[in-house]
Structures are given as structure tokens and as C-alpha cells.
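Engineer: Model the following, please.
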Amino acid sequence: MHGTIESASKLDALRERASTLPLEQFDPGDPELFRTDTFWPYFDRLRREDPVHYCKDSMFGPYWSVTRYNDIMEIETNHSVFSSASALGGITIRDIDPDLRRESFISMDPPRHAAQRKTVAPMFTPTHLDNLALNIRKRSAECLDNLPRGEVFDWVDRVSIELTTQMLAVLFDFPWEDRRKLTRWSDVATTIPGPDGLVATEDERQAELTECAGYFARLWKERIEQPPQSDLLSMMAHGAATRDMDAKNFLGNLVLLIVGGNDTTRNTMSGSIYALSQHPEQYRKLRENPALLDSFVPEVIRWQTPLAHMRRTALSDFEFRGKQIKKGDKVVMWYVSGNRDEEVIEKPYDFIIDRARPRTHLSFGFGIHRCVGLRLAELQLKIIWEEILERFDHIDVVGEPKRVYSSFVKGLETLPVKIAA
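Structural biologist: Numbering: from 1, shown residues only. Presented below is the predicted three-dimensional model:
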């Protein structure tokens, strides 16, 4: 118990710092704030006092933070001034060495962006999702039926990772026995190298991504020699806009699809269990009325916000909300802050599974770069919860989650839970 009190007072001290620190010293992109879940008061204060904020010194260099919902939408849709292009730095706060930058359709500007995105879009049509739903339900049922009763286990590993990795393997028609490689590559793609990290150095990170590219290149060769199939790799291998991608664009799009298919769903799956543990009255409401799943799902996605931000680079000098953004400046749109904007979302810190407008959130982005697989992510979350509610009265969270050291991926590394015997 003493440890809990001690950690609570430490968190209080960290939060207190956000109210006293001069705004010019704010660095809301510090990954440590996300690992400790203490970033919230920083964004609350920025939305109130300095919604377009400049940080001149951070581990990621200088950057602008855009923190209000409507301002984020404005930046997101102004492609003539704010670029996603990988050559300028791409979509994350962290800059990659120019030699290692890889294009993907999310890190392209119009008109090239649309052609590559359209290649994989058929995967996410209603008809195709209906077919995938049968597969998702079968695998969800198997996964849940194999969970231990009466003992503590890690929900992230046993359920969130396992189910999202299975889904990715289906989407790519990837060798089943190697499917956990997809999880590893996704984590490596977004990790910050360091002595305590997933990889120690950037060289190690690149070596694993090169292994990913090599593995997929062998599969690509098989697909291109076969008639077109309905998996993502075959779609790209036979698509006019993607079949002649260079090696960097190839790996860039693979990483985008792996991370997009993995992190969003994995983190909302874990976040849904954690959110309900924090709001037991909502858990009760859901058990009593499973029809609320239709609004529960988007509310989880808002509440968790699985990717905390997207970044753009200014193509020209631009005045925005009275601030002078210069050509070449890095502009970070904090989805995690927009999703707690009191001016747009009523009681944004409350988890309310029957919200009137639950789809008012920025978790999937906005405009042309809106997540291409968002309907699949929602479908997976809905089905897993339909199957959970059929099987278990309650899933108890028995300890605090371990959170990812990242201000891009907002996820849980571990979440200890127990299902009554």
C-alpha cells in the first residue's frame, strides 16, 4: 500500500509542475510524460492559455503544438501549407535521418497520396468487412476460450497482441507460424532506441526493419507470379500505383499498414478493459445493455487515442491564431489533446459509453489522411466485446498498466487482469 501512496504523491508532484512551469519551458512531446501518464495537465493548460505553442528545445528539436480540436482539423486539411511528405520529415515528431526516410501513402501529399491509398482501400469495403467479420469472430472466440480462470495474466499479450497479430496475418496472408514477427516489426518501427528500449541503437532498429523488408520481398515475389488475390500484399503487387514502388516506398507502406493495423486496434482493445475498470458504472451499463456497443466502441477509441499525434511540416511562412509559423517548421497536431477539448466534447475526461455523438473524435485523423482501416478497427473491437459479454461477467484489472515510452504510440505494454474462476 505504501508504494501506491508514494507513487500517487509523485504523480501529484508531476501534475503540480504543469501548473507552475513557465509556458515557454513546456515540452509536451517528452515521452516520459506519456510513460508516466502525466501529460494531461500540460495539454489542459496549453488549450486554455497557449493553444498554438512553440517548444524551442526538446529531444526532437523545436516544434509547434496545436492542441485544440478545431485548430487541429484546420491544419490537417490545409495541404497547401502543411505537408506530410516523408522527405520533409513525415508524420511523427521524431525526425529520421534523411537517408533512412521511407515514403508511404500517409507521408505523401496530394495527388500521389490518393493513388496508392486507393490500391489497398478495397480491403476495407463493407462486403469485404462482412467476410472478415466471420474470421474475427471465430478467432476471438478461440482466444477468449483459452484464457485462464482464477489467475492473473497479461491481457495485452494474451488478447490484444494475439488477436491483432492474427488479423494482420490474415490481411497480408502472412505465414501463420511467423505472425508474431509482425508485432515485433510494428513495435520496432515506432520505438525510440535506447539502453532500456526494445532496441539499443538506431542501427539495430534499421537492421530489423531491413529483415522485415526482406521477408516481405520474398512474399511479394510469390504474389506477383500468382493471379490477384484479396490480401493487402497481392493488392499492392498488382496495383498500378504500387507495383513498381522502389525499396523505400515498399517498406514505408508495409510499415504503415503493419503499424496501422496493429497499434490502433491493440491499444484500444487494452484501453477498453482499462477504461471499464476505471468506470465500473459504465461496465455495469454495458452488461445490462449490450446494444450500447455501437457507441461504446467509438468512445473507447476517443478515450484511449491510440496514436497521440500526427505531424506536418510548413511549406511556407504562415500566420495561425496570431502565431508566426515559418517555412520548414515542424507542426504537431495533438489528437490526444483535441480529444479532451471541453469546447467540442462535453465532459471529455469522462468515459461515457452512451454519448450522444461518440464519433466526435480525432483518433483516426481527419480529411484525406483519415485512417483507411478505421471501420475494421471498430469491427474488431465490437466483435471481441460481443464475445467477452457472452462469456464473462467481469474482467478485473488487478494492477496498473505499464505504458509505452512514446509520445506517438499511446499504448499499454502490459495490463494484469484476472477472470473469476
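Engineer: Where is the longest helix in the protein?
Structural biologist: In the chain, taking DSSP state H as the definition, the longest helix is helix 247-278.
Engineer: Can you list the buried residues in stretch 280-290?
Structural biologist: By neighbour count on 16 or more other Cβ atoms under 10 Å, the buried set for stretch 280-290 is 282, 283, 285, 286. Where C-beta positions appear, they are placed from N, C-alpha and C, glycine not excepted.
Engineer: Make CSV out of those residues and add pLDDT, secondary structure and distance to residue 30.
Structural biologist: Formatted as CSV, those follow (pLDDT from 0 to 100; DSSP: H, G, I helix; E, B strand; the rest coil; distance: Cβ to Cβ, whole Å):
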residue, pLDDT, secondary structure, distance to residue 30
282, 97, helix, 31
283, 97, helix, 33
285, 98, helix, 36
286, 98, helix, 35
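Engineer: Can you add distance to residue 117 and give those back as a markdown table?
Structural biologist: What follows is the buried residues of stretch 280-290, written out as a markdown table (distance: Cβ to Cβ, whole Å):
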| residue | distance to residue 117 |
| --- | --- |
| 282 | 35 |
| 283 | 37 |
| 285 | 38 |
| 286 | 34 |
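Engineer: which of the residues you listed sit farthest apart?
Structural biologist: Pairwise distances across these peak at 7.3 Å for 283 and 285 (criterion: Cβ to Cβ).
Engineer: Domain boundaries for this protein, per the record?
Structural biologist: Using the TED database, the domain parsing of the chain gives 1-67, 86-322+336-419.
Engineer: Out of those domains, which is the most enclosed?
Structural biologist: Compared across the domains of the chain, domain 86-322+336-419 shows the largest average neighbour count, a mean of 18 (mean count of other Cβ atoms under 10 Å).
Engineer: which residues in the stretch 101-250 of the chain form helices?
Structural biologist: 112-120, 126-145, 155, 162-172, 180-190, 202-224, 232-238, 247-278 (DSSP state H, counting those that start in this stretch).
Engineer: follow-up on the earlier one: take the domains of the chain and write them to JSON lines, including distance to residue 330.
Structural biologist: Formatted as JSON lines, these follow (distance: least, Cβ to Cβ, whole Å):
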{"stretch": "domain 1-67", "distance to residue 330": "4"}
{"stretch": "domain 86-322+336-419", "distance to residue 330": "6"}
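Engineer: what's the closest of these to residue 76?
Structural biologist: Between the domains of the chain, domain 86-322+336-419 lies closest to residue 76; by Cβ to Cβ that is 4.7 Å.
Engineer: Now do that closest one: distance from first to last residue.
Structural biologist: 45 Å (Cα to Cα, to the nearest Å).
Engineer: Then stretch 143-161?
Structural biologist: Taking Cα to Cα, the first and last residues of stretch 143-161 lie 11 Å apart.
Engineer: what do you get for stretch 299-311?
Structural biologist: Using Cα to Cα, the end-to-end distance of stretch 299-311 comes out at 24 Å.
Engineer: same thing with stretch 118-131?
Structural biologist: 20 Å.
Engineer: Quick one: the helices in the stretch 301-421 of the chain, in order.
Structural biologist: Using DSSP H, counting those that start in this stretch, helices in the stretch 301-421 of the chain cover 335-338, 374-391.
Engineer: Now tabulate these in a markdown table and tack on distance to residue 414 and mean pLDDT.
Structural biologist: Converted to a markdown table, the helices of the stretch 301-421 of the chain look like this (distance: least, Cβ to Cβ, whole Å; pLDDT from 0 to 100):
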| stretch | distance to residue 414 | mean pLDDT |
| --- | --- | --- |
| helix 335-338 | 21 | 98 |
| helix 374-391 | 18 | 94 |
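Engineer: Figure out which of those is closest to residue 91.
Structural biologist: Closest to residue 91 of the helices of the stretch 301-421 of the chain, according to Cβ to Cβ: helix 335-338, at 11.7 Å.
Engineer: is it true that residue 23 touches residue 55?
Structural biologist: No. Here residue 23 lies out of contact with residue 55, judged by Cβ atoms under 8 Å, at a distance of 9.8 Å.
Engineer: coming back round to it: can you say which of the helices of the stretch 301-421 of the chain is nearest to residue 29?
Structural biologist: Smallest distance to residue 29 across the helices of the stretch 301-421 of the chain (Cβ to Cβ): 10.9 Å, for helix 335-338.
Engineer: Only C-alpha atoms, please: export the closest one in CSV.
Structural biologist: The C-alpha trace of helix 335-338 is given here as CSV (Å, rounded to 0.1, in the frame of the first residue of the first chain):
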residue,chain,number,x,y,z
TYR,A,335,-5.0,14.3,-31.2
VAL,A,336,-4.8,13.3,-27.6
SER,A,337,-5.4,16.9,-26.6
GLY,A,338,-8.1,17.6,-29.2
